[in-house]
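Participant: need a 3D model of the following:
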Amino acid sequence: MPLCFGLARWLTFGPARKALGLDRCLQFFNRGLALPAHILEAFLSLDIPIAEVYGLTECTGVHTFSSQEAFRLLSCGKALPGAYTRVCPEDGEDVGAIRVWGRHVFMGYLGDKENTRERIDSHGWLHTGDLGLLDANDFLYITGNVKDVITLRSGERINPTPIEERVKRHLPLVRYVMLVGQDAPYLCALLTLKCQVHPDTGEPRNALTSEAVRLCRQLKSQATRLTDIVGDRDPVVTEFIRKGIHAANAEASSSCAKIVKWMVLETDFSIAGGELGANTKLKRAVVAKMYQAEIESFYRESWGYH
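Facilitator: Okay, the predicted model is just below:
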């Protein structure tokens with residue numbers, strides 16, 4: 001062990017783990033939704049590498065996992081011994097549909113041959129429904145879900161997840177981003193800002209989080225509530241969001257993957273509100289139905305609405 005690392009473990013890492021009640025833990029795993037990069041990096045700075053685990057019920061819960069010997073930030077690791085992963089990308093892309101094979105894959109849905117044929121092909125590969133990529137060392141990275149892919153009117157297929165994560169990276173004031181544009185001429189985005197949550201009901205409040213307020217002060221904005229910002233009421237914050245969207249668009253892989261219009265919603269997403277599932281996963285179909293009028297307003301001229 002390097003001398004400086006040993007010193008840091010004794011002075012900082014060890015006491016931090018003990019304060020968190022994790023001093024007896026040997027390894028740390030995340031089996032749910034992939035953790036954001038800033039959370040992984042924060043724990044890693046305390047010498048707590050969180051290993052991502054990937055799997056489905058249809059493959060006995062686990063297919064790939066990270067370990068202390070095989071770890072990559074944002075990757076869910078390598079396949080179990082005797083299991084195999086295949087990514088089927090579209091032309092010219094690294095990202096594609098993930099399929100897995102092994103003795104851990106289930107035999108099928110009981111009494112449901114139709115759905116079984118949809119999930120398992122004739123060679124025994126399980127079609128997971130997820131999108132991802134394999135690097136040169138066979139580390140798997142999850143980048144989205146097949147069901148979430150947006151097909152524009154031009155026929156261009158867009159995976160929204162990387163774009164949404166890119167927007168949140170450029171706009172720390174934003175909590176959720178949902179891209180829309182199915183069968184439309186271009187992409188648009190619904191944005192929610194970071195608001196406080198009622199501790200008993202889980203409902204989002206009008207008041208912004210301390211982090212959001214602090215950022216507003218850095219921008220020379222006096223906003224403390226969501227209503228201070230929605231509807232372009234605060235030109236300083238509106239300009240900040242516009243620049244963030246522009247910066248995210250500058251990293252887009254194509255012109256079709258750029259956000260043309262956006263809107264800040266009047267409430268944050270929550271489990272209580274119905275926009276999020278029990279594991280805080282975004283319910284895209286529910287949100288699209290709840291905000292149908294707002295989405296239609298993006299394309300009123302393009303679709304001929306009056």
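Participant: just the helices in the stretch 1-150 of the chain please.
Facilitator: 3-8, 14-19, 37-44, 113-119 (DSSP state H, counting those that start in this stretch).
Participant: may I see those helices arranged in TSV, with mean pLDDT and distance to A83 as well?
Facilitator: Just so you know, the C-beta spots here come from the backbone N, C-alpha and C atoms, and that holds for glycine as well. Shown next, in TSV, are the helices of the stretch 1-150 of the chain (pLDDT from 0 to 100; distance: least, Cβ to Cβ, whole Å):
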stretch	mean pLDDT	distance to A83
helix 3-8	89	34
helix 14-19	93	32
helix 37-44	88	24
helix 113-119	94	16
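Participant: let me have these in CSV, extended by distance to F269 and mean neighbour count.
Facilitator: As requested, the helices of the stretch 1-150 of the chain are arranged in CSV below (distance: least, Cβ to Cβ, whole Å; neighbours: other Cβ atoms under 10 Å):
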stretch, distance to F269, mean neighbour count
helix 3-8, 39, 10
helix 14-19, 32, 14
helix 37-44, 18, 13
helix 113-119, 29, 12
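Participant: for those helices, give me CSV that also has distance to C188.
Facilitator: Formatted as CSV, those follow (distance: least, Cβ to Cβ, whole Å):
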stretch, distance to C188
helix 3-8, 47
helix 14-19, 43
helix 37-44, 25
helix 113-119, 31
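Participant: what pLDDT does G92 get?
Facilitator: Predicted confidence (pLDDT) at G92: the value is 61.
Participant: quick check: longest strand of this protein.
Facilitator: strand 126-134 (DSSP state E).
Participant: how's the protein carved up into domains?
Facilitator: 26-146, 150-303 (automatic domain parsing).
Participant: and the last one, what's its mean pLDDT?
Facilitator: So that's domain 150-303. 93.
Participant: distance between that domain and the chain's centre?
Facilitator: Centroid separation between domain 150-303 and its chain, computed with Cα atoms, centre = their mean, to the nearest Å, is 13 Å.
Participant: now do the shortest one
Facilitator: Its chain's C-alpha centre lies 15 Å from the corresponding centre of domain 26-146 when counted by Cα atoms, centre = their mean.
Participant: what's the end-to-end length of it?
Facilitator: 35 Å (Cα to Cα, to the nearest Å).
Participant: can I get the CA coordinates of stretch 244-255 in CSV?
Facilitator: Output of stretch 244-255 as CSV, limited to C-alpha atoms (Å, rounded to 0.1, in the frame of the first residue of the first chain):
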residue,chain,number,x,y,z
GLY,A,244,-27.0,25.0,-20.4
ILE,A,245,-29.3,23.6,-23.2
HIS,A,246,-27.0,25.1,-25.8
ALA,A,247,-23.9,23.6,-24.1
ALA,A,248,-25.7,20.2,-24.1
ASN,A,249,-26.6,20.5,-27.7
ALA,A,250,-23.0,21.3,-28.6
GLU,A,251,-22.1,17.8,-27.5
ALA,A,252,-24.9,16.1,-29.5
SER,A,253,-23.9,13.4,-31.9
SER,A,254,-26.2,14.8,-34.7
SER,A,255,-28.5,17.7,-35.4
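Participant: N159 is nearest to which of the helices of the stretch 1-150 of the chain?
Facilitator: For N159, the closest of the helices of the stretch 1-150 of the chain is helix 37-44, at 17.6 Å, according to Cβ to Cβ.
Participant: which neighbouring elements make contact with the closest one?
Facilitator: If you count contacts as 3 or more Cβ pairs under 8 Å, 6 or more residues apart in numbering; DSSP states H and E, helix 37-44 packs onto strand 50-54.
Participant: quick one, what contacts the closest residue to G61 other than its chain neighbours?
Facilitator: Using Cβ to Cβ, 6 or more residues apart in numbering and skipping residues adjacent in sequence, the residue nearest G61 is G55, 4.9 Å away. The contact partners of G55, by Cβ atoms under 8 Å, 6 or more residues apart in numbering, come to R31, G61, V62, H63, T64.
Participant: filter these down to the buried ones, PyMOL style.
Facilitator: Filtering these down to the buried ones (16 or more other Cβ atoms under 10 Å) takes a single PyMOL command:
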select buried, resi 62+63+64
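Participant: quick one: end-to-end length of stretch 216-226, please.
Facilitator: End residues of stretch 216-226 are separated by 11 Å (Cα to Cα).
Participant: can you list contacts of it?
Facilitator: 173, 193, 195, 206-208, 213, 228-229, 234, 236-237, 240, 266-268.
Participant: buried subset of the residues you listed, written for ChimeraX?
Facilitator: Buried residues within the contacts of stretch 216-226, by 16+ other Cβ under 10 Å, are selected in ChimeraX with:
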select :173,193,195,208,213,228,229,234,237,240,267,268
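Participant: just the helices from the stretch 151-300 of the chain, written as ranges.
Facilitator: Going by DSSP H, counting those that start in this stretch, the stretch 151-300 of the chain shows helices at 160-170, 210-218, 235-250, 284-290, 292-298, 300-303.
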